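J.: Sequence first, predicted model second:
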Amino acid sequence: MEERVHLAPVVAYSSELEADLVVARLAESGIRAFVKSDGLGGAFPGMPMATGGFQVMVTEEDVDRARATVLEMGGQAADRSTGALNETGWRLARWLIPAAAALLILSAAIRGLF
């Protein structure tokens with residue numbers, strides 16, 4: 001019979017690099033972790049921000065140790081029940097996504113003029 005591992009989000013970032021750095025730090029502490037995101041294989045680079053950012057996932061039994069490690073690093077741990085970005089992250093995402101869309105539309109319009 002296979003044993004199921006239950007995972008939980010510890011923290012979410014708007015940058016994959018930041019999430020990877022946290023995973024590396026957790027690995028140094030003996031905590032197995034990985035980054036979960038939904039960028040559709042790189043086809044939509046902005047998609048992870050719309051779907052919860054780059055989430056650092058650990059097993060449920062390592063959540064408390066992982067959260068403590070993230071807090072020691074100066075980060076803010078995510079809500080464990082949802083894995084949602086903290087309020088600052090969402091404020092940034094709500095501003096950044098429409099701004100990126102506006103820049104894409106503007107650049108397409110400018111290219112159409114020339």
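T.: Right, received. Where do you want to start?
J.: Tell me which residues are up against the helix or strand containing residue 56.
T.: Secondary structure assignment for residue 56, by DSSP states H and E: strand 54-59. Applying C-beta atoms under 8 Å, 6 or more residues apart in numbering, the set of residues contacting strand 54-59 from outside is 5-16, 18-19, 22-23, 26, 31-37, 48, 66, 70, 78, 83. Glycine gets a C-beta too; all of them are placed from N, C-alpha and C.
J.: Quick check: which ranges of this structure have low pLDDT?
T.: 1, 38-52, 75-97, 114 (pLDDT under 70).
J.: which residues in it form strands?
T.: Here the chain has its strands, by DSSP state E, at 7-13, 33-36, 54-59.
J.: strand partners of the shortest one, parallel vs antiparallel please.
T.: Translated: strand 33-36. Here strand 33-36 is paired, per DSSP bridges, with strand 54-59 (antiparallel).
J.: Which positions in the strand it pairs with come out as buried?
T.: Going by neighbour count (16 or more other C-beta atoms under 10 Å), the buried part of strand 54-59 is 54-58.
J.: Kindly report the same for stretch 23-42.
T.: Using 16+ other C-beta under 10 Å as the test for burial, stretch 23-42 gives 23, 25-26, 31, 33, 35-37.
J.: Then stretch 7-15?
T.: The neighbour-count check on stretch 7-15 (16+ other C-beta under 10 Å) flags 7-14 as buried.
J.: Tell me how far residue 4 lies from residue 59.
T.: Distance, residue 4 to residue 59, by C-beta to C-beta, to the nearest Å: 11 Å.
J.: ok, now residue 16?
T.: Noted for residue 16: a distance of 21 Å to residue 59, by C-beta to C-beta.
J.: before we move on, what about residue 32?
T.: Taken as C-beta to C-beta, the span from residue 32 to residue 59 is 7 Å.
J.: again with residue 26
T.: Between residue 26 and residue 59 the distance is 11 Å, computed by C-beta to C-beta.
J.: what sits in contact with each of these two?
T.: In contact with both residue 26 and residue 59: residue 32, using C-beta under 8 Å, 6+ apart.
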